[in-house]
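Student: I'll drop the sequence and a predicted model, then ask my questions.
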Amino acid sequence: MPATTPDAGPRDDRVLAISRWTTYLVIPVLLLGFVILYLLPEQTERLFAWPIASRMSAMLMGAGYGAGALFFILSTRERRWHRFGHAMLGISAFVWPLILATLLHWGKFSHANPAFWLWLVVYLVTPLLLPWLWWRNRVHDDGQPEPGEPPLPARLRQRFVVGALGCLAIALWLFLAPTAAAAWWPWPLTPLTARVVAAWFFLPAAILAILARDGRWSTARLTFVSGLVWTLLLLLAVARAWPEFDPARASRIVYPVGLVLALLAQAAMLGWLPQASRRRASPGSSEM
């Protein structure tokens, strides 16, 4: 019999209806952001909440929305909350900086454009809705691995923490010192776009920290699938916007090299980690 809590019912890892319907509602919004920002980055003045001069900045956002849409599309097939529910908490760390950036740079937005009002509604609602959904649904997750599933190796979880701290440092730098960060960044950033780009580093920082604490491969799998696609989209965006990259800055090389390393790391985890986890579960095997 599944474990129960006094006020939440059985810990059967179910997905509540409100969480499921929120997922369905989020997908078209993310796909719209992907189409406008990634496929039509030159059209932001007409189609988006504010005009973005840098194609790379627009495509960075669009790549994230596209990967997010893929994550939630895949999650509609899942019947266990823990396999995708952590994203609700991770995305909370992403949406708060965006609404703060909106308020700090209010005058930069196209208030007459319907896209701005969609942006505003989304980022006013989600900072409260997503943490609430995570809290409401998490009580049904007992935190245990699925049958036959060994935990992630401790050393790998430590690497997640290191990655989370690195992403957090970059995010804080971009958000708190946008002008200084823009002077080093490989492509042109305004204070607004610097703070928006910061949100896309707060997101992996939160997700990696959550995965390190959770320790289940089944929790991490969808994240790495969508993360792999996200990184591929970013690399393609770099190729499309390469003329924007300042040849006088070392970050022009550091950024794409970092993406390639992230791509290889995620591909390795998707292809090798399940086998490594099974070996770790067998008697006499050693930890990563």
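Tutor: Sure thing, it's come through.
Student: is it true that residue 110 touches residue 45?
Tutor: Yes: between residue 110 and residue 45 there is a contact at 7.5 Å, judged by Cβ atoms under 8 Å. In this view, the C-beta of every residue, glycine as well, is placed from N, C-alpha and C.
Student: Can you give me the distance of the residue sitting nearest the centre point of the chain to residue 97?
Tutor: Most central in the chain under Cα atoms, centre = their mean is residue 203, positioned 4.4 Å from the mean C-alpha point. Using Cβ to Cβ, to the nearest Å, residue 203 is found at 9 Å from residue 97.
Student: Can you pull out the low-pLDDT segments for the stretch 51-200 of the chain?
Tutor: Low-confidence segments of the stretch 51-200 of the chain (pLDDT under 70): none present.
Student: mind running it again at 80?
Tutor: Scanning the stretch 51-200 of the chain for pLDDT under 80 picks out 142-143, 146-151.
Student: Can you list the residue ranges for helices in it?
Tutor: All helices of the stretch 51-200 of the chain, identified by DSSP state H, counting those that start in this stretch, fall at 55-75, 86-104, 114-138, 154-176, 178-184, 191-214.
Student: ok, now which ones touch the closest residue to residue 124 other than its chain neighbours?
Tutor: Excluding its sequence neighbours, the residue lying closest to residue 124 (Cβ to Cβ, 6 or more residues apart in numbering) is residue 99, at 6.4 Å. Neighbouring residues of residue 99 by Cβ atoms under 8 Å, 6 or more residues apart in numbering: 123, 124, 127.
Student: Restrict those to the buried ones and give me that as a PyMOL selection.
Tutor: Provided next is the PyMOL selection string for whichever of these are buried by 16 or more other Cβ atoms under 10 Å:
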select buried, resi 123+127
